[in-house]
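Peer 1: All I have is the shape, not the residue letters:
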């Protein structure tokens, strides 16, 4: 290796990872690891305080991301990552709470939580790894599975319209909405870096391949074929109306930053409306026993 030996080779993102757990459990060609690399570079770019960063995830392949990042991680029940993260964000506003999970967990089972967290504008960054299927739990069709796609639960093809996730979270009130693919590593890094600096509900969709289940069943090739496909089909349209960015089978994949606006986040709005009473309410000791009974007009 000339003057460069294995002992001197060092990837800077290793300092942010739990290297004792590498290699990861993800399948060859899976795009999740690529998203982790972009995430780690964004953390370095922002000089993020890892002691104040916490990852929250649900069940699924993407839900294992937190196990490889060198920070606190809360692994929740299926579809419930966002409500757990909401509690953390409100209980300790000093934390930088990032929800990192898959489309099945966040949009399918957890879809209702996704809508209302965006509506409330809770101070969360949500990174949704969209491989268009329930990957870890058996390859079932999800709310993001394209029409006519083959899955373990749709052997003759799906007959339901898939969800346009950017349009959903935009309509619900998210302050930052972007979509990139696993091919767009630098653009994804920039998007995560930008989103980490904002307050409110921020959402980044990352379209990634699932060679083991989704692509194999639909004769779409391996992970490399997916990267070539993303490169050929993707078209960057920053600021595009989110009702125009639905992914059509075989059509363009519209990527870019679609929404970047300002709106008071949930906690700030609560503080502003309660005024000085907010601190009295937060700092008040919990009522117990007879005190709680006396405070209840119905008792």
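Peer 2: Sure thing, it's come through. Here the structure is a predicted model, which means the values were calculated and not measured.
Peer 1: Next, residue 98: secondary structure please.
Peer 2: Following DSSP: H, G, I helix; E, B strand; the rest coil, the label given to residue 98 is strand.
Peer 1: For residue 209, see how far away it is.
Peer 2: For residue 98, the distance to residue 209 equals 23 Å [C-beta to C-beta, to the nearest Å]. Bear in mind the C-beta positions are built from the backbone N, C-alpha and C, glycine included.
Peer 1: Pick out the residue closest to the middle of the chain.
Peer 2: Nearest to the mean C-alpha position of the chain, by C-alpha atoms, centre = their mean, lies residue 127 at 1.8 Å.
Peer 1: and it, that's in a strand?
Peer 2: Yes - per three-state DSSP, residue 127 lies within a strand segment.
Peer 1: With residue 178 as the reference, measure out to it.
Peer 2: Relative to residue 178, residue 127 is positioned 10 Å away (C-beta to C-beta).
Peer 1: what's the overlap in contacts for the two?
Peer 2: Taking C-beta atoms under 8 Å, 6 or more residues apart in numbering as the criterion, residue 127 and residue 178 both touch residue 204.
Peer 1: Helix or strand next in line after the top helix by length along the chain, which one?
Peer 2: Counting residues, the longest helix found in the chain (DSSP state H) is helix 32-45. Going down the chain from helix 32-45, the next helix or strand is strand 53-57, by DSSP states H and E.
Peer 1: hey, what's the residue nearest to the centre of the chain bridged with?
Peer 2: With DSSP bridges applied, residue 127 shows beta-bridge pairing to residue 100, residue 204.
Peer 1: how about it, what does it touch?
Peer 2: Contacts for residue 127 (C-beta under 8 Å, 6+ apart) come out as 35, 39, 98, 99, 100, 101, 192, 204, 206.
Peer 1: so how far is residue 140 from it?
Peer 2: Per C-beta to C-beta, residue 127 is found 22 Å from residue 140.
Peer 1: what's the angle from the longest helix of the chain to strand 53-57?
Peer 2: Interaxial angle of helix 32-45 relative to strand 53-57 (axes from the mean of the first three to the mean of the last three C-alpha atoms, to 10 degrees): 160 degrees.
Peer 1: which residues of the stretch 51-200 of the chain fall in helices?
Peer 2: Counting by DSSP state H, counting those that start in this stretch, the segments of the stretch 51-200 of the chain that form helices are 81-91, 103, 111-120, 165-172, 185-196.
Peer 1: For stretch 248-255, which outside residues touch it?
Peer 2: 146-149, 179-181, 184, 187, 207, 230, 233-237, 240, 244-245, 247.
Peer 1: picking that back up, so how far is residue 268 from the residue nearest to the centre of the chain?
Peer 2: Taken as C-beta to C-beta, the span from residue 127 to residue 268 is 23 Å.
Peer 1: Secondary structure element for residue 206, which one?
Peer 2: According to DSSP H and E, residue 206 maps onto strand 201-207.
Peer 1: Tell me where the protein is predicted with low confidence.
Peer 2: Scanning the chain for pLDDT under 70 picks out 1-8, 276-284, 286-299.
Peer 1: any idea how it splits into domains?
Peer 2: Under automatic domain parsing, the residue ranges defining each domain of the chain are 12-263, 267-299.
Peer 1: and among the ones you listed, the most buried is which?
Peer 2: Counting by mean count of other C-beta atoms under 10 Å, domain 12-263 has the highest mean neighbour count of the domains of the chain, with a mean of 20.
Peer 1: Which phi and psi values does the closest residue to residue 159 other than its chain neighbours adopt?
Peer 2: Spatial nearest neighbour of residue 159, excluding adjacent residues (C-beta to C-beta, 6 or more residues apart in numbering): residue 147 at 7.0 Å. Dihedral pair for residue 147: phi -60, psi 140, per degrees, to the nearest 10.
Peer 1: Report the separation between residue 147 and residue 249.
Peer 2: According to C-beta to C-beta, residue 147 stands 7 Å off from residue 249.
Peer 1: Also residue 96?
Peer 2: Taking C-beta to C-beta as the measure, residue 96 falls 37 Å from residue 249.
Peer 1: Wait, residue 258 touches residue 177, no?
Peer 2: Yes - here residue 258 reaches residue 177: they are 4.8 Å apart, a contact under C-beta atoms under 8 Å.
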